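In: Have a look at this fold, sequence not included:
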DNA sequence: GTCTATTTAGACCGACCTGTCTACTTGGAG
DNA sequence: CTCCAAGTAGACAGGTCGGTCTAAATAGAC
C-alpha cells in the first residue's frame, strides 16, 4: 500500500469517527489530523479541502452500507431474505461499536447540517433512493409491481423513522421493533 | 410589550430562520443579531449563552408544532380526525414558506448536530415521544390499547421517515403520500 | 424634569477556524 | 547509493467564533 493511500485511509477512518460522533461543522481539521495521526499537509495532499473530505466521508458511508447489505444478502437470497438483508444492514450499522453511542444514520445526520444547495445533500438523497429501489426489486418477486413500489416506499419510511428515533434514544431497540413489523408485512405477501 | 421581551422575540424569530436554513453550528451569533436587528448585548441580556438560545429555539419549535396541531384538532375531533390532525400539523409545517426550501423537521435536524450528551437532544426525543403519545390516545378510541400502541409506533415511524425524505427532496410530496397511507390505515380500524 | 433600567453600536479579547508555506525526514524503485 | 515522491512538524496568515465591556442614547415611571 502506498503511503499516500495509507494517509488517505487513516484520514477517512478518523473523519468517520469524529464526524459521526460530534457532527461535521463541530469537527475541525486539527481534530481530524490528530485522530488520524498524520500531518496537516497530508490532508491537503489527499483532499482538495474540508468539503472534499466531507464528500469522501459521505461516499464511504454509502459504500459501507452497501457492503453490510451485500454481506447479509449473501446468506439468504430469497425475496423475503432480501428485504430483511436491507433492514439487517441498518441494524448491523446501529450495533457496531461507537465511542459515543448510536446516533442514527450518519448520512442523514450529515444532510441535516449541510446548507440547502450543498452537493452532499444529493449524495444522501441518492443513498435513500437506492435503498428504496433495492426494496422494490426484492418485493417485485413477491407481488405485482404496483404494490411492490407502494410497499417499498412504506418500508423505507418505516426504516428511516425507526433509525432516527433509535438514534435519538441511543440504542437499537426501536430498530428491532421495526424489523419484526417489516418481517410480518413481507411474510404476509 | 416591554422592549426586553421585544428584543427576545426578535432574536427567537431570527434564530428560527437561520438555524433552520443553515444549521445551528454554521450560524454565528453575529448573523443572528444582524438578522434580528438588535445589539449583541441584547442577546446576552436575554439568554445565558448561544446554548441557551438554542435551547429556547428547540422549545419554541416544539410549541409551534403543538399550536399547529391544536389548530387542526379544533376543526374535527373524531379519533380519525385526531390522527390526521397530527399528520396535518407536520404538513402545515412543511408547506410554510421557507426562504431556502423545506429541509425536514427542525428538531430532528438540530439533534443531528448536537453532541451525544447535549440536553437539547432530550428536548427533541421528548417531542417525538409526545407525538407518538398523542397518536396512541386518538387510536385508543378506535381499537384496543395493545393495537393502539403498536399502531401509534408504526405511524410515528412512517411520519418521521416521510418528513426526513421529504426534507431531503425539498418539498412536501412524500408527506402527502404518507398521509394517504396513514388515512387508509386508520379508516380500516 | 429626573431617575432608572434597558438598548444601542462597536471595540476588544483569546480561542479556534481553514488553508498555506517552509524546511526536514523517510522509504522504496531504479 | 541516489533520487524523489510522500510524509513529517509546526509556524503562519486572515478570518470568524463566542463572549465581555464601555459609553452614549432612549424610554417609561414617578
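Out: It's in. Everything numeric here is computed off the predicted structure, so don't read it as measured data.
In: Closest approach to DNA strand C from chain A, which residue is it?
Out: Closest residue of chain A to DNA strand C, C-beta to the nearest atom of the strand: residue A:28 (2.8 Å). C-beta coordinates here come from the backbone N, C-alpha and C atoms, glycine included.
In: In chain A, where is pLDDT below threshold?
Out: Along chain A, segments meeting pLDDT under 70 span A:1-5, A:75.
In: Counting neighbours, what do you get for the residue of chain A closest to DNA strand C?
Out: Counted with other C-beta atoms under 10 Å in any protein chain shown, residues neighbouring residue A:28 total 12.
In: Over to it: give its phi and psi.
Out: When read as degrees, to the nearest 10, the backbone of residue A:28 gives phi -90, psi 160.
In: and if you look at residue A:118?
Out: Residue torsions, per degrees, to the nearest 10, at residue A:118 are phi -60, psi 130.
In: Could you do residue A:105 as well?
Out: Backbone torsions of residue A:105, given as degrees, to the nearest 10, read phi -70, psi 120.
In: In chain A, mark out all the helices, start to finish.
Out: In chain A, the segments counted as helices under DSSP state H are A:3-22, A:29-36, A:40-46, A:50-75, A:79-95, A:106-112, A:119-139, A:145-169, A:173-187.
In: will you turn those helices into JSON lines that also has distance to residue B:22 and mean neighbour count?
Out: Below are the helices of chain A laid out as JSON lines (distance: least, C-beta to C-beta, whole Å; neighbours: other C-beta atoms under 10 Å in any protein chain shown):
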{"stretch": "helix A:3-22", "distance to residue B:22": "18", "mean neighbour count": "17"}
{"stretch": "helix A:29-36", "distance to residue B:22": "20", "mean neighbour count": "16"}
{"stretch": "helix A:40-46", "distance to residue B:22": "25", "mean neighbour count": "16"}
{"stretch": "helix A:50-75", "distance to residue B:22": "15", "mean neighbour count": "17"}
{"stretch": "helix A:79-95", "distance to residue B:22": "28", "mean neighbour count": "21"}
{"stretch": "helix A:106-112", "distance to residue B:22": "11", "mean neighbour count": "25"}
{"stretch": "helix A:119-139", "distance to residue B:22": "13", "mean neighbour count": "19"}
{"stretch": "helix A:145-169", "distance to residue B:22": "21", "mean neighbour count": "22"}
{"stretch": "helix A:173-187", "distance to residue B:22": "30", "mean neighbour count": "17"}
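In: what's residue A:100 in contact with, if anything?
Out: A:21, A:22, B:115, B:116 (C-beta atoms under 8 Å, 6 or more residues apart in numbering or on different chains).
In: so how far is residue B:184 from it?
Out: 40 Å (C-beta to C-beta, to the nearest Å).
In: Pull the distance from stretch A:6-15 to the chain's centre.
Out: Relative to its chain's centre, stretch A:6-15 lies at 18 Å (C-alpha atoms, centre = their mean, to the nearest Å).
In: ignore the last one, stretch A:48-56
Out: How far stretch A:48-56 lies from its chain's middle: 18 Å, per C-alpha atoms, centre = their mean.
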